[in-house]
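J.: predicted coordinates and the sequence they were generated for:
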Amino acid sequence: MIGTDELKKRFYPQVLKPAGLAEIELLREQFMYLAKHIDATLPDGREKSEALMLLQDSSMWAVKGICVDPQFWLKDGSLRDNAILDGIGQNRPQESEQQPDGSYKVSWQDGSITYLSREDYQLIKHEIPE
């Protein structure tokens, strides 16, 4: 049996560090470069269609490979239910307040409140409106 923790890692989005997001952007640029080359070079037809479809499939798996690699996670094992930013980025921080212990209390758009370490706060502070 795989277990709930491992299944959550596979099926819930992870919150990525900026380095992970940068790697995904680089991968997408490289896949787009190749897709444009295939589109410009091959004649329309089944071969071109298959090549682009399989390239799209490869792109998806490459991005997934970044997302499941713990070295790119903001917090090791952070899952959707306790994520700093949700996987699709719709829950934005609204305000923050530094706490006596150095952590930050962050109020989110959905009304939730999270306490973040100084390091994690540095990753999201640019998102907070002034």
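T.: Arrived safely, thanks for sending. Numbering: from 1, shown residues only.

J.: can you give me the strands for the chain?
T.: Listed in chain order, the strands of the chain (DSSP state E) span residues 93-98, 104-108, 113-116.

J.: count the residues that sit near the closest residue to Leu55 other than its chain neighbours.
T.: Counting by Cβ to Cβ, 6 or more residues apart in numbering, Leu55 lies nearest to Ala35, which is 5.7 Å off, once chain neighbours are set aside. For every residue, glycine as well, the C-beta is placed using N, CA and C. Ala35: 15 surrounding residues under other Cβ atoms under 10 Å.

J.: in the lengthiest helix in the chain, what's buried?
T.: Identified as the longest helix of the chain according to DSSP state H is helix 18-41. Of the residues in helix 18-41, Gly20, Glu23, Ile24, Leu27, Phe31 count as buried by neighbour count, 16 or more other Cβ atoms under 10 Å.

J.: and those residues, which is closest to Gln99?
T.: Sorting those by how near they are to Gln99, with Cβ to Cβ, puts Gly20 at the top with 27.4 Å.

J.: mind listing what that closest one touches?
T.: With contacts taken as Cβ atoms under 8 Å, 6 or more residues apart in numbering, Gly20 has the following neighbours: Ile66, Cys67, Asp69, Phe72, Trp73.
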